[in-house]
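[1] Fold the stuff below for me.
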Amino acid sequence: MDSFIKDCTHFIQEQCALRGFKKVVLGLSGGVDSAVVAYLATLALGKNNVKTLLMPSMSSAQSHFDDALTLATLLDLEHKIIKLQPFQAAYMQNVDSYREREDMAQKLAMGNFCARMRMALLYDYASAQNALVLGTSNKSELLLGYGTIFGDLACALNPIGNLYKTQIFALAQKLSVPENIVRKMPSADLFANQSDEGDLGYSYSEIDNFLRAFVKLEGLRGEQEVHIRPHIKEALKREGFAEEMIESLSPRIWNNAFKRAMPLIFKGDFIL
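    Numbers count the residues shown, from 1 in each chain. This next block holds a predicted model:
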């Protein structure tokens, strides 16, 4: 783990230098992922070069905001608070497609809107600070597509994108992230009382065991090849995973592959 911390901080330093930046910006949610990234960035660049935004929505739990504020204070990081309520109010009042949705669809739409609004604010602040935006999505979320494309999944650098959620918990302990942040129920904070494990239907320990097996079977290599999917499912059954779990999580990985890819550019010849 010490080796990972050393290599990761070097990665942040090197990538910032290669791109001509000295500072980074990230959003602090009060969750363990953004906390770990804040610690790594501070180790890499020093507290004066790490800027943070706290962006609570109308449905954000006060405890999440309090934890984010406590963390920023603990690390002595410059932080700004931007409440999303005015942006959400304008969205609710002016966008017909939002008002036409059913209750749960409205909640999801608002959650995605807030995720993209946060990233817009982060990039705006990064531009003003001449800084790079750091991502805070872990490997478990990226594999499952559990994030908002061009929202929380957007970034210039992601120090933790190759770590499963269970590894994030272990790293947080190593970095001495406050216990109440490490132990709290993970939540994307999309709407009130929302939790990751509640949405996914399994604990992160169960999910990560499944994802490791899935990746080992090289299911990702064929994520766009529909004909090999039954073979992957059968292999997962032989590994001992319940059919219900396979049928629940496998489609998430395949159907959200587009979130893990850069936009495709057509490269056909054009002759005047």
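[2] Just the strands from the stretch 101-250 of the chain, written as ranges.
    Under the criterion DSSP state E, counting those that start in this stretch, the stretch 101-250 of the chain contains strands at 131-133.
[3] any weak-confidence spans in it?
    Scanning the stretch 101-250 of the chain for pLDDT under 70 picks out 190-192, 219-225.
[4] hey, where'd the helices end up in the chain?
    2-19, 32-45, 62-74, 85-94, 96-99, 103-129, 139-144, 165-174, 179-183, 196-200, 204-216, 229-238, 243-255 (DSSP state H).
[5] So which of those is nearest Met262?
    helix 139-144 (13.6 Å; Cβ to Cβ). C-beta coordinates here come from the backbone N, C-alpha and C atoms, glycine included.
[6] Show me what the closest one is packed against.
    helix 165-174, helix 204-216, helix 243-255 (3 or more Cβ pairs under 8 Å, 6 or more residues apart in numbering; DSSP states H and E).
[7] helices or strands next to the last one in the packing?
    In terms of contacts (3+ Cβ pairs under 8 Å, 6+ apart), helix 243-255 is packed against helix 139-144, helix 204-216, helix 229-238.
[8] Tell me which residues of it come out buried.
    For helix 243-255, a neighbour-count test (16 or more other Cβ atoms under 10 Å) marks 245-246, 249-250, 253-254 as buried.
[9] rewinding a little: so which of the helices and strands packed on helix 139-144 gets nearest Gly151?
    helix 243-255 (17.2 Å).
[10] From the chain's centroid, how far away is the closest one?
    20 Å (Cα atoms, centre = their mean, to the nearest Å).
[11] same question, stretch 64-83
    With Cα atoms, centre = their mean, you get 18 Å for stretch 64-83.
[12] what's that stretch in contact with?
    28-31, 34-35, 38-39, 42, 47-48, 50-56, 121, 125, 177-178, 180-181, 184, 187, 189 (Cβ atoms under 8 Å, 6 or more residues apart in numbering).
[13] Show me what counts as buried in it.
    Neighbour-count burial for stretch 64-83 [16+ other Cβ under 10 Å]: 64-65, 67-72, 75, 77, 79, 82.
[14] Now Ser250. Nearest residue, chain neighbours left out?
    Lys233 (6.2 Å; Cβ to Cβ, 6 or more residues apart in numbering).
[15] Isn't Ile160 up against Asp33?
    Yes. Contact status for Ile160 versus Asp33: in contact at 6.5 Å, counting by Cβ atoms under 8 Å.
[16] Just want to know which of those two has more residues nearby.
    Shown here are Ile160 and Asp33; by other Cβ atoms under 10 Å, Ile160 has more neighbours (25 against 21).
[17] Now that one. Its backbone dihedrals?
    phi -120, psi 10 (degrees, to the nearest 10).
[18] From Leu144, how far out is the closest residue to it other than its chain neighbours?
    Distances taken as Cβ to Cβ, 6+ apart place Asn138 nearest to Ile160, at 5.4 Å, with adjacent residues excluded. Asn138 sits 10 Å away from Leu144, going by Cβ to Cβ, to the nearest Å.
[19] the more surrounded of those two?
    Asn138 (29 against 20).
[20] With Phe169 as the reference, measure out to that one.
    10 Å.
[21] again with Gly145
    21 Å.
[22] Also Ser203?
    Ser203 is 11 Å from Phe169, by Cβ to Cβ.
[23] do the same with Val25
    From Val25 to Phe169 the distance is 25 Å (Cβ to Cβ).
[24] The two: which has the busier surroundings?
    Val25 (26 against 20).
[25] residues contacting the more buried one?
    51-53, 122, 125-126, 129, 131-134.
[26] Relative to Lys259, which of those is nearest.
    Closest approach between the contacts of Val25 and Lys259, by Cβ to Cβ: Val133, at 17.2 Å.
[27] tell me the domain ranges of this protein?
    Domains of the chain are assigned by the TED database as 1-187, 201-260.
[28] Point out the most buried one among those.
    Highest mean neighbour count among the domains of the chain (mean count of other Cβ atoms under 10 Å): domain 1-187, with a mean of 18.
[29] Would you check that Lys139 makes contact with Leu163?
    Yes. Using Cβ under 8 Å, Lys139 makes contact with Leu163 at a distance of 5.6 Å.
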